[in-house]
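Chemist: here are the coordinates; sequence isn't available:
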């Protein structure tokens, strides 16, 4: 992990083969190389470096800091248990070390804990301990910079990922706050109550607060000694609203990488998150405005980019080319930031997508241009209400969908496919029988609703009818699928799919039933399937088997047809 500036390299690494000497370095410099205090666990304790960024601190360039994002393995007060803490450390890039103490060592090194946690109802705090990646959304005012961080849990019981967002002003407030000090027999951390030397430890030389101090070698000895013994800040850095922006628990994946894009939409500015996972997928998430205490998030889509499902290693956004570049062990790929065509050809689909990159232009869901004409475009990221946004674009026709016929075999399993176009939509199934009013399908162990459709185990005659798959999002309902389920006898299906029996039966003479008895047992669409099958069989000119070899099949056919005719007579109305 490194950061380069002004022909200098700032890096965090282990410099020995045993992995015991970790350090933050400045190298490749015209000035003297500088590193952290060697083998001082107060400074670094088994660190894993994540990222480094150079950020301004005010208007004076001499006050700029290099921030290191890392996680450490720290021992508790008893000294027996090690816990993982995510940290932010910082140094002044113009630090050249001390004059008599900390020679060629950082004299401006400070660090603070980075917290991403959820407060339970009973007051306990569940931490996402391990920092995986960060992304800085810079602004004109350095104090308005946002730091997005991905965190995972180190617990063997609780698994999950979270994204927390931090204001740079809150980070600077912690570094300007009280220093941590260990006191008492249990070495408990408390705020340092003694005198703070001048200039304040961690201040850069030649900056706005130290105009008369030109180099760190001019720092008084008490400043250098204080930094060596008190590099940790007492207060921790908490995210915006003191809670994660989004949480994922109970999933088979965890987040590994994050990049964020700032997008101008018709109703405001939005941050779109691209989150890479350890399964090789990328989630596209938009942050929605909320009240003063919280904000929301909405998954726009999830893409599987690599066949091997290797973890996402890095992601970069090109604002100029409007492309996202993603890499894993398998390779590198690029992805357009605006994929408006995936949302369908209807205005309602485009509106419900709530993608800041896209808008309905009157004909298609296409890329949104903030400077375009407002008369025809439709976009509503905050509410995604197609009723108000898509007036005049035939919503009534859109809510209807083409009916398809599907066959199920009695006592077998069948699946009615219905996939909602949005992960935010709720789906329910309605069943209509013999032009009766629709009734909601009752789910149980035999009838199971899944994310891909309705699974019916052991299909029965009562399951026959017209199924409506209704998706509801933002109080807007649409029929995603209409499936007319017809139930077939297993005996008929076996007979129809047995090629030799079907060809043999077509050659029989003297049967005690008319061919109309057979065809009358099937609907028009069913007979189309049978006729197609017979036509294909005739074209193949399969030899006709001898009748004498199929006496058992002849008896089975007679029994089958008598059963079908008896059932048809029972189903007829009196006098028909």
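Modeler: Arrived safely, thanks for sending. Predicted model, so just to flag it, every value in this text is computed and none were measured.
Chemist: drop to CA atoms for contacts and neighbour counts, all remaining ones
Modeler: OK.
Chemist: what sits against residue 175?
Modeler: 110-112, 233 (CA atoms under 8 Å, 6 or more residues apart in numbering).
Chemist: Repeat the analysis, applying 10 Å as the threshold.
Modeler: If you count contacts by CA atoms under 10 Å, 6 or more residues apart in numbering, residue 175 has them with 88-90, 110-112, 202, 232-237.
Chemist: could you dump those to CSV with neighbour count?
Modeler: Converted to CSV, the contacts of residue 175 look like this (neighbours: other CA atoms under 10 Å):
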residue, neighbour count
88, 20
89, 23
90, 22
110, 24
111, 26
112, 23
202, 23
232, 24
233, 21
234, 21
235, 19
236, 18
237, 24
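Chemist: Of the residues you listed, which belong to helices?
Modeler: The helices in this structure, assigned by DSSP state H, contain none of the contacts of residue 175.
Chemist: List just the nearest of those residues to residue 464.
Modeler: Distances from residue 464 to the contacts of residue 175, taken as CA to CA, are shortest for residue 237 (60.1 Å).
Chemist: wait, what's in contact with the closest one?
Modeler: Residues in contact with residue 237, defined by CA under 10 Å, 6+ apart, are 87-88, 112-116, 166-168, 170-175.
Chemist: Quick check: bridge partners of the residue most central in space within the chain?
Modeler: Using CA atoms, centre = their mean, the residue of the chain that lies closest to the mean C-alpha position is residue 283, 3.9 Å off. Each beta-bridge partner of residue 283 is listed here: residue 275, residue 302, as defined by DSSP bridges.
Chemist: ok, so what distance separates it from residue 302?
Modeler: Shown here: residue 283 relative to residue 302, a distance of 4 Å by CA to CA, to the nearest Å.
Chemist: joint contacts of the two?
Modeler: When contacts are counted by CA under 10 Å, 6+ apart, residue 283 and residue 302 are jointly contacted by 274-276.
Chemist: top of those by neighbour count?
Modeler: In terms of neighbours by other CA atoms under 10 Å, the shared contacts of residue 283 and residue 302 top out with residue 276 at 28 neighbours.
Chemist: right, and residue 270 touches residue 381 too?
Modeler: Yes - counting by CA atoms under 10 Å, residue 381 is a contact partner of residue 270 at 8.9 Å.
Chemist: what residue ranges in the stretch 101-250 of the chain score low on pLDDT?
Modeler: Along the stretch 101-250 of the chain, segments meeting pLDDT under 70 span 185-186.
Chemist: That one: strands as residue ranges?
Modeler: Secondary structure of the stretch 101-250 of the chain by DSSP state E, counting those that start in this stretch: the strands cover 110-113, 117-119, 125-127, 130-137, 146-152, 160-167, 180-183, 188-191, 246-249.
Chemist: again with the stretch 251-400 of the chain
Modeler: With DSSP E, counting those that start in this stretch as the definition, the stretch 251-400 of the chain shows strands at residue ranges 255-265, 268-277, 281-288, 296-304, 314-318, 323-328, 331-336, 358-360, 365-367.
Chemist: just checking, what packs against the helix or strand hosting residue 454?
Modeler: Element membership of residue 454, judged by DSSP states H and E, is strand 453-456. Secondary structure elements in contact with strand 453-456, counted by 3 or more CA pairs under 10 Å, 6 or more residues apart in numbering; DSSP states H and E, are strand 414-417, strand 426-432, strand 447-449, strand 465-473.
Chemist: Can you add mean pLDDT, distance to residue 254 and mean neighbour count and give these back as TSV?
Modeler: Written out in TSV, the entries for the helices and strands packed on strand 453-456 read as follows (pLDDT from 0 to 100; distance: least, CA to CA, whole Å; neighbours: other CA atoms under 10 Å):
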stretch	mean pLDDT	distance to residue 254	mean neighbour count
strand 414-417	93	29	18
strand 426-432	92	25	18
strand 447-449	93	26	17
strand 465-473	90	27	21
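Chemist: what would those strands look like in JSON lines with distance to residue 333?
Modeler: Written out in JSON lines, the entries for the helices and strands packed on strand 453-456 read as follows (distance: least, CA to CA, whole Å):
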{"stretch": "strand 414-417", "distance to residue 333": "31"}
{"stretch": "strand 426-432", "distance to residue 333": "33"}
{"stretch": "strand 447-449", "distance to residue 333": "36"}
{"stretch": "strand 465-473", "distance to residue 333": "33"}
